[in-house]
Each structure stands twice: as C-alpha cells, then as structure tokens.
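Asker: This is the structure alone, sequence omitted:
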DNA sequence: ACCTGAACACCGTTCAAGT
DNA sequence: ACCTGAACACCGTTCAAGT
C-alpha cells in the first residue's frame, strides 16, 4: 500500500533555496538538503531527479518569484519595474542568480518574463521585427548587470550604480524612454 | 636541504584550465588536478592556497589570455577586436568564463583589459567624466553577452547573434561607432 | 508509492612525517 | 622547501529492502 508523502518537489526546492541563500551554492548538497527536510538523501531522488536537475529546478523556482508589473501601467514604468525586480531577485539570491546565464531561455519561467517585456516594447512602438532582438539584448544587459551587482563585481557605490543602470538602459532603448516619458507627462497634463 | 620543485603555480593553473575545458567545472577537484600533474592532492596547497583560491587564480589566468589590439589601430577597430576577443575566450572556456561575473574587477588581469578600453573611449572623444561609466556598462554588456552565448542561453543562430551584438554595442556607444566609421573612411579617402 | 540502510567511489583539508 | 601517507568528515548515486 502507498503511504502519504512526507516531502514534495516544492518543499525540496524551498529548502534548497534557503540553504543556497544562507550558506552559498557550495553548501547545497543532496545530503544537506535532505538533512534540512528531515529525510535521508535518497528520498530526494524521487522528487527532483538528481542534483543537476535540482539546480535546474532551482533556477526556474527563482525566476517564477520575479513579480510582473500591472499590465495597465504605462510601458516605461513596466520596463523599469521589471528591471528593478530582476536586480532585487539577484541581490536576494546572489549565488543562484548567475546560473540563469547558463541555461537556455526556453523554460516557462523565462518565457513568462520575456512575454511581459515583449508587450511593453510593443506598447513603446518598437517595430515587430525588432521586438525579439531588443528584448534579447535588453535582458542580456539586465542579467549581466544584476549578476555583476549581486556578485560584487562592481566597486562603485549604489547611487552611482543606479545612475549607470538608467543610463545604459536608456541607450539600449535608443531614446525611446525619454520620448515616452514626455509622452506620458503630456497625457497626464491632459 | 631543499629539492627542486616538481610543479609550480603555472603548471597547476594550466592543468586546471585543461580539465575545466575538457570535462567541465564540476570535474575540477584538487584530487583530479593533482592526478593530471602526477602528484598527490596535498602537493597543490603550497602553490595555490586552497580550492577557492585555485578558482580565483583560474579566472585571472583566463583574463590574461585575452589578446589586446595594437594601440595604433583606429579606436573603433580596437573596441571591436576586444569585444570579439572576449567572445572567443568565453567560447573557449565556457565553464570558467561565467566566474568573471562573480569577482571584483580589481585584479591585474581585469585592469589590463579595462585600461585598453579606457584608451579607446578617450580616442573616441568620450568626455573624461563619462569614460569610467561607459566602460563599466559596455563591459557588463559584453560579459553578459559572452557568458550567455557560451553558456547556451541564446537560441538564435550565430549570424543573428553577430548582428544583435553589433546593434547593442552601437546603441551603448550612443552612435559613436557610426560617426567614427564615417570619420575613419573619410580619413582613408584622404 | 515513498522512504530507508548499507555500500561504493568519490570530495577538501589537516597534520605529522620524510627527503 | 617540497612532497607524501594516513586520516577525518564529507560528497552523489545505486540497489535492495522495508512499509
């Protein structure tokens, strides 16, 4: 007869993420995760495959945690909110975040964020043939920036980094943001 | 009495890089590196400290391998050459390269590349107060792009990626490259 | 269906010892 | 000064067994 499961996939991923945040990625072992859950290491295999799949699942788990902005907001605010959300996620999970750069962006979690960026770029009037490319380069920059920031590569202060980020994002968007800011203000003015 | 060393730091780093390239970063263990050198694992500690320092040294070792362009070349060609060199290095060492995003950019190897970019940006007429920031954002993008490309995050073909890269780099440079290309051609035309 | 126990081939690192 | 051997507390994973 079957008996009720003591752990499930979500519990394993939650425990793994806590461990990675508290003690670093190097401390993430099947045995340490199992310890935290109060089971033997072998109990994990049924739920997450093996260690590589555990790490793959962890990346997806982190990506799903990134909040998406209200689609009713003006597109510059949506882009800004998503970029800041990625930076916040990177700072919250500095050891796990860089793994994002090592996985094909084809998972549901990656597609979820990408589609929201597509919508904002279309709202900005980016021509359809340019939408995918603009998203690829923007997300590459945001991932690289967030990973660098969380990993401690930058040696300037936080205010300088905020200014750098806006400056670079504005350039990648080719002046769209400045134009749109004016458009949004014009709307508000009536 | 002392006896002649059988291995040195360079030999350890070379063996480590070969191992990482052939079998991945997960295969890099003190024991496996020692095996490849024909010594016991404990012999490595004198030369590279411990495993964390071995990995730190490995990143620096890879960075020193990036070729710098002839300073006599026009600046757009120098920037282009350095960017392509970073992509080549990333593809050659896909497992080691992402570690660059997790280390402060204060090592000699990082400074070496940075100074060459500074010189090119000054040659391009970037105002002095903007030079450091432009370099930070450009290198963040190039690192993120190269790591993504080498790590398999992109799912488009190589020609598309080349086009994407030029497009984004041109935008980050704020039209400097297009202007300079014309300037260089005008010079050549006499 | 879900978890355990024992086992195997690995790890990083310390410490005392050899030359 | 440089390397070794033995030892300790870890790894990931398989396999057969228990409920």
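Answerer: Cool, the structure landed. This is a predicted model, so every value here is computed, not measured. Numbers count the residues shown, from 1 in each chain, chains lettered A, B, ... in the order given.
Asker: nearest spatial neighbour of residue A:48, skipping sequence neighbours?
Answerer: Nearest non-adjacent residue to residue A:48, counting by C-beta to C-beta, 6 or more residues apart in numbering or on different chains: residue A:54, 4.5 Å away. Glycine gets a C-beta too; all of them are placed from N, C-alpha and C.
Asker: dump the residue contacts of that neighbour.
Answerer: Under the criterion of C-beta atoms under 8 Å, 6 or more residues apart in numbering or on different chains, the neighbours of residue A:54 are A:12, A:13, A:16, A:28, A:30, A:33, A:44, A:48.
Asker: Buried ones from these, can you make that a ChimeraX selection?
Answerer: In ChimeraX, a selection of the buried entries from the contacts of residue A:54 looks like this (16 or more other C-beta atoms under 10 Å in any protein chain shown):
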select /A:12,13,16,28,30,33,44,48
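Asker: Now, the contacts of residue A:54 that are in helices?
Answerer: A:12, A:13, A:16, A:30, A:33, A:44, A:48 (DSSP state H).
Asker: Please render these as a markdown table that adds distance to DNA strand D to the earlier fields.
Answerer: A markdown table is the format used below for these (distance: C-beta to the nearest atom of the strand, whole Å):
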| residue | distance to DNA strand D |
| --- | --- |
| A:12 | 12 |
| A:13 | 15 |
| A:16 | 10 |
| A:30 | 3 |
| A:33 | 8 |
| A:44 | 8 |
| A:48 | 9 |
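Asker: and the angle for the helix ranked longest in chain A with helix B:128-151?
Answerer: Secondary structure of chain A per DSSP H: the longest helix is helix A:128-151. Calculated by axes from the mean of the first three to the mean of the last three C-alpha atoms, to 10 degrees, helix A:128-151 forms an angle of 100 degrees with helix B:128-151.
Asker: Helix A:128-151 close to chain B?
Answerer: Yes - applying C-beta under 8 Å from any C-beta of the partner chain, one finds helix A:128-151 in contact with chain B at A:133, A:136, A:137, A:140, A:141, A:143, A:144, A:145, A:147, A:148, A:151.
Asker: any bit of stretch A:23-40 sitting next to DNA strand C?
Answerer: Yes - under the criterion of C-beta under 7 Å from any atom of the strand, DNA strand C is reached by stretch A:23-40 at A:39, A:40.
Asker: Identify each buried residue in that stretch, please.
Answerer: So stretch A:23-40, judged by 16+ other C-beta under 10 Å, has buried residues A:25, A:28, A:30, A:33, A:34, A:36, A:37, A:39.
Asker: repeat for stretch A:59-78
Answerer: Within stretch A:59-78, the residues that count as buried by 16+ other C-beta under 10 Å are A:59, A:60, A:61, A:62, A:63, A:66, A:69, A:74, A:75, A:76, A:78.
Asker: Could you export the buried residues of stretch A:23-40 as CSV, including distance to residue B:7 and pLDDT?
Answerer: Output for the buried residues of stretch A:23-40, formatted as CSV (distance: C-beta to C-beta, whole Å; pLDDT from 0 to 100):
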residue, distance to residue B:7, pLDDT
A:25, 29, 96
A:28, 32, 98
A:30, 33, 98
A:33, 37, 98
A:34, 38, 98
A:36, 40, 98
A:37, 43, 98
A:39, 43, 98
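Asker: and which of these is nearest DNA strand C?
Answerer: Closest approach to DNA strand C among these (C-beta to the nearest atom of the strand): residue A:39, at 3.5 Å.
Asker: In three-state terms, label the closest one for me.
Answerer: At residue A:39 the chain is in coil, as set by DSSP: H, G, I helix; E, B strand; the rest coil.
Asker: Excluding sequence neighbours, find me the nearest residue to residue A:51.
Answerer: residue A:30 (5.8 Å).
Asker: ok, now how distant is the one you found from residue B:61?
Answerer: From residue A:30 over to residue B:61 the distance is 31 Å, taken as C-beta to C-beta, to the nearest Å.
Asker: how many neighbours does residue A:129 have?
Answerer: Residue A:129 is flanked by 7 other residues according to other C-beta atoms under 10 Å in any protein chain shown.
Asker: Which residue would be the closest one in chain A to chain B?
Answerer: In chain A, the residue that lies nearest chain B is residue A:144 (2.1 Å; C-beta to the nearest C-beta).
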